[in-house]
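*Asks:* After the sequence you'll find the predicted model.
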Amino acid sequence: MTQITLLDGSIGQELMKRSGDKPTTIWSIQVMMDHPGMVQEVHEEYFRAGATIATTNTYCVHRDRLRKVDLDPELMPDLVENALHEAESACAGNGGAGRIAGALGPLEASYRPDICLPPETAAPAFAELVELMKDRVDFFLIETVSSLEHAEGVLRGVAQAGKPVWLAVTVDDEDGTKLRSGEDLQGLLPLVQVHQPDAVLVNCSRPEAVTAALDIIRGFDKPFGAYANGFTHISDGFLEDKPTVDALEARIDLTPLAYAEFVQGWIGQGATIVGGCCEVGPDHIAELSRQLKANGHQIV
């Protein structure tokens, strides 16, 4: 019997579906501002599905992202407070069970290594978020890291977190041995050895690309795993300035059963941390929970 951490699934996409609102550049944050309590509802549904982690709705909470949509960057502490409150309330409603992961999304934009800020600029921005969250999260989840420079900046930013740190990278959808920057995934190893994150994951990539990525990451001598997305591909429109998620198309073939088949393969490779990213929702997590239990694994 293997102990498996079952992460939650998509937060932002679920919020958009529930709200019915028009997507914005900071879609998940806009919904949290306009619909108080909805983030908590999403966390609660993932707990009911079998997840043991609530990932805070802080992926887009960065001063630079707020400035891009003409919001006061001084709103950042209040937005972080709202996200933490929603996650904590969901845990309380779950009988006090469940851990909280403090999400640290990319600065500027996702999948854009070409505009990645240099580490000496990025690190203080991430450190500010860490300081706001560190007393109320169980660990930090660095998400959608698309280049070695991105990894260096955020790992420096969490150096004083005082909490476990999980590093999740996003890989090329056609070649999982490479980051989205085109750099070899193996090149991440020296940064892992220096900064010593507590786990290394693959996230927000096509599940078909994850297998090759895990073949490399499992050699890093860290707990590892994956949570893939359900997009057909990352479109050119989403790589433009100020993108919105309606520039991305959801797959229709990635059913809960189909996604679970991918995940079972990753567990066969030795993965002990699994879940879902964009377009992977509560039904997918519920099926993962069912299969993990049926196969004799312990969800932790």
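*Replies:* It's in.
*Asks:* and residue 156, backbone torsions?
*Replies:* Reported as degrees, to the nearest 10, the phi and psi values for residue 156 are phi -60, psi -40.
*Asks:* so it touches residue 118, yeah?
*Replies:* No - Residue 156 is beyond contact range of residue 118, at 10.7 Å (criterion: CB atoms under 8 Å). Using the backbone N, CA and C atoms, a C-beta is placed for each residue, glycine as well.
*Asks:* which of these two has more neighbours?
*Replies:* Neighbour totals were compared for residue 156 and residue 118, and residue 156 leads with 19 against 10 (other CB atoms under 10 Å).
*Asks:* What mean pLDDT does stretch 285-294 get?
*Replies:* The average pLDDT for stretch 285-294 rounds to 98.
*Asks:* repeat for stretch 39-48
*Replies:* Per-residue scores along stretch 39-48 average to 98.
*Asks:* Give me the contacts around that stretch.
*Replies:* Stretch 39-48 has contacts (CB atoms under 8 Å, 6 or more residues apart in numbering) with 8-9, 11, 14-15, 18, 31-32, 54, 57, 82-83, 86-87, 89-91, 93-94, 97-98, 282, 285.
*Asks:* count of residues packed around residue 41?
*Replies:* Counted with other CB under 10 Å, residue 41 comes out at 16.
*Asks:* Check residue 221 too.
*Replies:* By the criterion of other CB under 10 Å, residue 221 has 10 neighbours.
*Asks:* So for it, what's the pLDDT?
*Replies:* 98.
*Asks:* Return the backbone torsion pair for it.
*Replies:* phi 60, psi 40.
*Asks:* tell me the contacts of it?
*Replies:* Contacts for residue 221 (CB under 8 Å, 6+ apart) come out as none.
*Asks:* where's it relative to residue 197, distance?
*Replies:* To residue 197, residue 221 is 12 Å away according to CB to CB, to the nearest Å.
*Asks:* Give me the common contacts of the two.
*Replies:* With CB under 8 Å, 6+ apart applied, the contact sets of residue 221 and residue 197 do not overlap.
*Asks:* Which element, helix or strand, includes residue 152?
*Replies:* helix 148-157 (DSSP states H and E).
*Asks:* So what's the gap between that helix and the chain middle?
*Replies:* In terms of CA atoms, centre = their mean, to the nearest Å, the centre of helix 148-157 is found 16 Å from the chain centre.
*Asks:* how about the strands in the stretch 201-300 of the chain?
*Replies:* Taking DSSP state E, counting those that start in this stretch to define them, one finds strands in the stretch 201-300 of the chain at 224-228, 273-276, 298-299.
*Asks:* Hmm, I typed the wrong one, I wanted the stretch 51-200 of the chain.
*Replies:* Using DSSP E, counting those that start in this stretch, the strands of the stretch 51-200 of the chain run over residues 53-55, 99-104, 139-145, 165-169, 199-203.
*Asks:* strands paired with the first one, and their directions?
*Replies:* What that stands for is strand 53-55. strand 99-104 (parallel) (DSSP bridges).
*Asks:* And the strand it pairs with, how far out from the chain middle?
*Replies:* Going by CA atoms, centre = their mean, where strand 99-104 is centred and where its chain is centred differ by 9 Å.
*Asks:* Next, the angle from it to strand 165-169.
*Replies:* 50 degrees (axes from the mean of the first three to the mean of the last three CA atoms, to 10 degrees).
*Asks:* Contacts for strand 99-104, please.
*Replies:* 7, 11, 52-59, 84, 87-88, 91, 126, 129-130, 133-134, 136-143, 154, 157-158, 163, 166.
*Asks:* Neighbours of the nearest residue to residue 93 once chain neighbours are set aside, how many?
*Replies:* Among residues not flanking residue 93 along the chain, residue 44 sits closest, at 5.7 Å (CB to CB, 6 or more residues apart in numbering). Per other CB under 10 Å, the neighbour tally for residue 44 reads 19.
*Asks:* a strand runs through residue 44, doesn't it?
*Replies:* No - read with DSSP: H, G, I helix; E, B strand; the rest coil, residue 44 is helix and lies in no strand.
*Asks:* Can you pull out the low-pLDDT segments for the stretch 101-250 of the chain?
*Replies:* 233-248 (pLDDT under 70).
*Asks:* the helices in it, which residues?
*Replies:* 119-133, 148-157, 189-195, 207-217 (DSSP state H, counting those that start in this stretch).
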